[in-house]
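Visitor: Whatever this is, show me its structure:
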Amino acid sequence: MLLLLSFVITISPLSAFVSASNQDCKIEENNGFLKYVCHQDERGLTTRYKCLYSDEYYDYNTNSYFKLEVDACSNDPHFYQACDKRLDGQITNDELLCENYLCSSNTYLMLPYHLTVFGRECNFNCINTDINKEVCNNKIALPTGRSVHPSKICDDVCDASFCEDEATCNGYQYGIYCMKNNKLLYVPPISICNNVENCDDGEDEEDCTVTPSTETFCRHHNTKHIVPVNNYTRCSPMKNPDDSLSTSSSNRYCVLGEEESYQTNCSDPTNIALNCEINGYLSSVSKYLICYNDTKSVCDDHIDSSCYSTKSCKIHKHLLCDQNTDCDDYSDEKNPICLSTTRDTCKRRVGVESELPIPISWLRDGIWDCVDGIDETEDWPKCGIDKTLRYKTSIEEKCENVFVCRTGSPGYELIGNLCDGLENCGNENKICSVSTRFESLTTTVLTSNKGLTKTLSYCLKGLGSLKFILDACVNERFTYPNGDVFGVQTTSVILPQSKQSCDNMYGEQYLYTSCTERCKETSCPLRNVPRYEVCPSQLPDRIGTIVNNEYLIFLTKSFGTLYTNRYFVCDDKIKCIDFSKVCDLVYDCEDGSDEVQCTNHFKCNSSAKLLPKSKKCDGQIDCADLSDECNEQCSKSILEGTILKGLSWLIGLLAVIANLVIIGKSIRTIKQCKTSVTLTNRLLIIMIGLGDMLIGCYLFIIATYDALIFREGYCQRQISWITSFECSAIGVFSTIGSQISLFSMTGLSLVRIHGIWNSMRVPGEITKTQIIKITTAVLSIILVSATIAVIPLMDIYEDYFANGVKFSDELKLFLGTPDKSTVTGVIQAYYGRTKDTTLRWKILIEMVKEMFSHDFDYTDLTENVDKLDFYGNDGVCLFKYFVQDKDPQRLFVWSTLSINLICFLFISVSYLAIGILSRRSLKSLASSNNQQITKRNNRMNRRIAIIITTDFFCWVPFIIICVLHSLEVIDATPWYSIFSMVILPINSVINPFLYDEILSNVIKAPLRSLTMRISNSAALQSLRLRVIPAPTEEMELDRIEIDVGNTDSPLERTVPGSTTNQIAM
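Guide: Residues are numbered from 1 along each chain as shown. Take a look at the predicted model:
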């Protein structure tokens, strides 16, 4: 910026308008703005420019100091021509773009600022424009005749010549007024006692001698002589040492370094910023000394120089977190120290008069920040010890343990602030990205041609011709804002011709697709024009240009000669971000405006966290409040659907009632057993009934939790449920029942097939030895079943069966039930490199605990660790049959499934053999023409077929599904509830009808009566005579005769002289 800038602009004779064809002009940056630059003379003093939107030309001639020769372009209503970083105007982007215009008189061209310097602002006639009259509106006259806007008076900034707008404030005068050549003259403090008589009567040079009675003195800024400090020179406005020293902006009375001599003990109380001790004496300090010199303080405790600097401002620390915005980028109110303040308040020594909270970092730091010094109270309550030592926000605050930082300062992070996006603890964000399984998104597109060509991935070569056949790609020209942007290079975007779903696009992909109207039901997120004055603390090398010959925007330069703007302007106009950061699921704007208009995300309810739409209802918890999985689209219950809920109640009810009847009847008749074989059969039937009844109870319990306890609230409580003791107990309960039933059926098959192979042997009576053997067999079945059910819950095997852990919800570091790989990744991110080995759960949990403090008797949130055990893979709490290669328990599951398959095959083979042998026996007795024996054997064969068929359709498809799931051919997880509540338990209802006849008889009697009534009805008889021949007597008897002869099981019946007599032996 040129010094003084009091330009006298004269019309150059070289500025005659010429034809454009005679000029070789090109668009390039010139003093911060794009202009048509034609040529420059050899010495660089005269530059010729072409006017925008016309064939006119003008010259800038700087061949003498403070002289500029230029003509005004006729087609430039907002004076873009006058935009020049060398000039002292501000970007207003209104009627006057750069606060500079060319005011032409008969002799001069002048700028508004220069008119002010020369005092001609309101009495200078511009023959080419009347804008000077507009400049004078709403101005008031100062005593010397100069004019200034009322808001500029006493604002601590020198706006008028010689700082006259700051001469008289709050009833106090700085400097003096006197007469000079019969005109009133204002003499600023810097011109007093400078050995130059500015006043006719020499008043400004009176009282300039230091005497023994002079209390305060210093070296004069100009003469360096020792001069007294008077009231009219004390505490006057001044600039920082690095500011311009022009007359209009400097008002120092004393030399640099001696400011404390005339900027302390102010007479005007409104100029006092604080009181502090200076050289051991309590004094007042002028507001102009605050943050004046970072290397030299006036106050003994250095409070006057305790300041905070950003790109946009420099303020005193006491202006931070004061609920008033002092910096253009709001950084004073968004400083990290503002996140942790006391509940108690105090009046700060600098700044507003009201009571304000105290940032925790100011407590006991050796500097009194509060007027009453409460921040330095020795007994201020504390929490923690050593590295985690910290002060409470109030006396009532309850101390808690904190997250211990490996690096960074302070050495801790409050648990409530974990994973809040702020990097206050070394690598906190890295740790949180691992713990929350954050997946990086592709936010950029292929860029070529020096950044001027953007190609979306869909249109990249080499991805196959099929997509191009389905949807061709087109080349779109993109620029923002729309309109005639002078000098900008447009971007070429190659993207699909038809509209696309933008749900899985982010950053540049989303922006270019939506802003070219290629997105379905999605609008362009660009709303704010990148006007030149926005984002003042960013892009200091910005280049200005004009749009539609109306307003200014900024551009950036790349590859030497390319001018583009690919910046999104946040709604607060304070921050600008690259296009790749728009709609990328991260709040890059402080006001969140870069994500507000985007439709490619899902927002968690209790936080501002954004997730890809694909994360919604994907079965993985990504929101701390579970809102991504518990919402109107996918809210869960243990049992989904009315049919499944109803079947659970029905099957459970039938299983419990039917098996209770069988168990009760079998217990009553057990004393009637005369042989060991009969006793064994009866006990095994009781065991089958017991196991099936347990499964029925399991169904009842799950249905009760679903319908009566959780109801609609299950989804929010699902993590607590699947990691609870109750869920594990229910899983053990169902597994024991299932295995007891299966093993008992296997044992029953073994006993019966054994009887066939020993058909000629007479069954022995019951002895103590046989009772012991039978009891041992029964107990073995129970023990083996319980062992299979309990092994997954034993601590010694937790590394094989624990699928995850649940930490306290308050920790915020982990979501849901992280598995071992996630916890290991967090530990590696926290501790650094670790050995490439799989650590045990016990070690991992201990290492996680060490990431948090354990001070005194504070509540330790890391103690509340629940494991997602073997039965917690689903809300139905069933044995985890569906496993994959990554599951450590897969060998156990496959071993159990293999045992069950073997049992099923054995049962099937046994009953097939029983069926075959019974048919042979029936043929050998055919000569006796015993119709009762024939029907009894036919019924037995039908029951055998039903046993084999039901077992087959329950277990074989289920095992096949388990295999396909393990091979990752299908994902059978959604079917878990159907298998657990319907398919597998169905045998528990069928078995009582197959292994004992009492329930069959109960059902057959009403069925026989109903059949007889239907058969004998007149309508059916008439229909039968018409289309069906009359049945023979033998056929009719065979159809309706039902044996209800005795109470033994149909597979235990004895027929003298037949093979079936030996089945029960």
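Visitor: Can you get me a residue count around His225?
Guide: The burial count assigned to His225 is 14, neighbours taken as other CB atoms under 10 Å. C-beta coordinates here come from the backbone N, C-alpha and C atoms, glycine included.
Visitor: That one and Asn195, how far apart?
Guide: 7 Å (CB to CB, to the nearest Å).
Visitor: Give me the common contacts of these two.
Guide: Counting by CB atoms under 8 Å, 6 or more residues apart in numbering, no residue touches both His225 and Asn195.
Visitor: Now for Asp76: which residues touch it?
Guide: 51-53, 549 are the contacts of Asp76 under CB under 8 Å, 6+ apart.
Visitor: Could you export these as TSV, including distance to Phe725, neighbour count and secondary structure?
Guide: Shown next, in TSV, are the contacts of Asp76 (distance: CB to CB, whole Å; neighbours: other CB atoms under 10 Å; DSSP: H, G, I helix; E, B strand; the rest coil):
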residue	distance to Phe725	neighbour count	secondary structure
Cys51	84	21	coil
Leu52	79	21	coil
Tyr53	80	14	coil
Asn549	76	15	coil
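Visitor: Surely Leu679 is in contact with Ile766?
Guide: Yes. Contact criterion CB atoms under 8 Å: Leu679 and Ile766 qualify, at 5.7 Å.
Visitor: how about the nearest residue to the one residue sitting closest to the centre of the chain, chain neighbours excluded?
Guide: In the chain, the centroid-proximal residue (CA atoms, centre = their mean) is Lys609; its distance is 2.9 Å. Nearest non-adjacent residue to Lys609, counting by CB to CB, 6 or more residues apart in numbering: Cys623, 6.4 Å away.
Visitor: I'd say that neighbour and Cys604 touch.
Guide: Yes. Assessed by CB under 8 Å, Cys623 is found in contact with Cys604 at 3.6 Å.
Visitor: intersection of neighbour lists for the two?
Guide: Common neighbours of Cys623 and Cys604 (criterion: CB under 8 Å, 6+ apart): Leu611.
Visitor: Looking only at neighbour counts, state which of those two leads.
Guide: The residue with more neighbours, out of Cys623 and Cys604, is Cys623; 23 against 16, by other CB under 10 Å.
Visitor: which residues sit in contact with the more buried one?
Guide: 604-607, 609, 611, 629, 815.
Visitor: One more: Ile663?
Guide: Here Ile663 is in contact with 686, 689-690, 693 (criterion: CB under 8 Å, 6+ apart).
Visitor: between those, which is nearest Val148?
Guide: Val148 lies nearest to Met693 out of these, by CB to CB, at 97.3 Å.
Visitor: Which positions in the one helix or strand the closest one maps to come out as buried?
Guide: For Met693, the enclosing helix or strand under DSSP states H and E is helix 676-704. Across helix 676-704, burial judged by 16 or more other CB atoms under 10 Å covers 676-703.
Visitor: do the same with stretch 261-281
Guide: In stretch 261-281, counting by 16+ other CB under 10 Å, buried: 261-266, 268, 271-274, 276, 278.
Visitor: So which of those residues belong to helices?
Guide: Using DSSP state H, the subset of the buried residues of stretch 261-281 located in helices is 261-262.
Visitor: now the buried residues of stretch 261-281 in CSV, with distance to Lys615 and pLDDT?
Guide: Formatted as CSV, those follow (distance: CB to CB, whole Å; pLDDT from 0 to 100):
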residue, distance to Lys615, pLDDT
Ser261, 66, 86
Tyr262, 65, 87
Gln263, 60, 89
Thr264, 62, 90
Asn265, 65, 89
Cys266, 61, 88
Asp268, 62, 88
Asn271, 58, 88
Ile272, 57, 90
Ala273, 52, 90
Leu274, 53, 90
Cys276, 56, 91
Ile278, 61, 90
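Visitor: CSV for the buried residues of stretch 261-281, including distance to Cys383?
Guide: What follows is those, written out as CSV (distance: CB to CB, whole Å):
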residue, distance to Cys383
Ser261, 46
Tyr262, 47
Gln263, 42
Thr264, 40
Asn265, 43
Cys266, 42
Asp268, 45
Asn271, 42
Ile272, 38
Ala273, 34
Leu274, 31
Cys276, 31
Ile278, 37
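Visitor: And the buried residues of stretch 261-281, which is closest to Ile907?
Guide: Nearest to Ile907 out of these is Leu274 (CB to CB; 93.1 Å).
Visitor: okay but that closest one is in contact with Ser305, surely?
Guide: No. Taking contacts as CB under 8 Å, Leu274 lies outside contact range of Ser305: 11.6 Å.
Visitor: does Cys535 count as helix, strand or coil?
Guide: Secondary structure for Cys535, judged by DSSP: H, G, I helix; E, B strand; the rest coil, is coil.
Visitor: Let me see the backbone angles for the nearest residue to it once chain neighbours are set aside.
Guide: Excluding the flanking residues, the one nearest Cys535 by CB to CB, 6+ apart is Cys576, at 4.0 Å. Backbone torsions of Cys576, given as degrees, to the nearest 10, read phi -120, psi 140.
Visitor: What of the one 5 residues further on?
Guide: The phi and psi torsions at Lys581 (degrees, to the nearest 10) take the values phi -100, psi 0.
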